[in-house]
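Chemist: Predicted model follows, preceded by the sequence.
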Amino acid sequence: MLPLLSLGERLRPEFDVAFVSNFDKSLADIPSHEQVRRAWNVVNAELRKGFEKMSWSDWVQRHSAVSEEDFAKDPSRNRFAVLLSRTNHLSYHLGQAMLGRN
């Protein structure tokens, strides 16, 4: 989310191999729970710092994955929409985790 919201560079691209590029459980060498938790905390701290600096007008600017032309056609493709969609996605997985506890 850092580059998508123009808040900085990706911090842990090496996690892509374990969590994005390959099927679930296809790799024996996945980061430990502790490694993921530490990375999660670092990334969220950076996001929080970036959010604190953003004004409302910053939130309604285009995100980095949409072109100027497409944004002109659909200004709802902004940084705030990214935050909402990622938050909804996270809540979906939280619900899965809660169901998996039983």
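Modeler: Structure's in. What do you need? Residues are numbered from 1 along each chain as shown.

Chemist: CA atoms only: put the lowest-mean-pLDDT helix or strand in the chain into CSV for me.
Modeler: Taking mean pLDDT, DSSP states H and E as the measure, the helix or strand of the chain with the lowest value is helix 16-19, at a mean of 83. This file holds the C-alpha atoms of helix 16-19, laid out as CSV (Å, rounded to 0.1, in the frame of the first residue of the first chain):
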residue,chain,number,x,y,z
ASP,A,16,5.8,-12.1,-2.5
VAL,A,17,7.3,-15.5,-3.1
ALA,A,18,5.6,-17.0,-0.1
PHE,A,19,2.3,-15.1,-0.2
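
Chemist: tell me which residues of the next helix or strand after that helix are tucked away?
Modeler: Counting by DSSP states H and E, the next helix or strand C-terminal to helix 16-19 is helix 33-53. Applying a neighbour-count criterion of 16 or more other C-beta atoms under 10 Å, the buried positions in helix 33-53 are 43, 46-47, 50. Any C-beta I mention is one placed from the backbone N, CA and C, and that applies to glycine too.

Chemist: list the helices and strands helix 33-53 packs on?
Modeler: In this structure, helix 33-53 packs against no helix or strand, with contacts taken as 3 or more C-beta pairs under 8 Å, 6 or more residues apart in numbering; DSSP states H and E.

Chemist: re earlier: list the buried residues of the least confident helix or strand of the chain.
Modeler: Residues A18 are the ones in helix 16-19 that count as buried (16+ other C-beta under 10 Å).

Chemist: hang on, the earlier thing: the buried residues of helix 33-53: which two are farthest apart?
Modeler: In the buried residues of helix 33-53, two members sit farther apart than any others by C-beta to C-beta. They are V43 and G50, at 10.7 Å.

Chemist: what is in contact with these two at once?
Modeler: With C-beta atoms under 8 Å, 6 or more residues apart in numbering applied, the overlap between the contact sets of V43 and G50 consists of L2.
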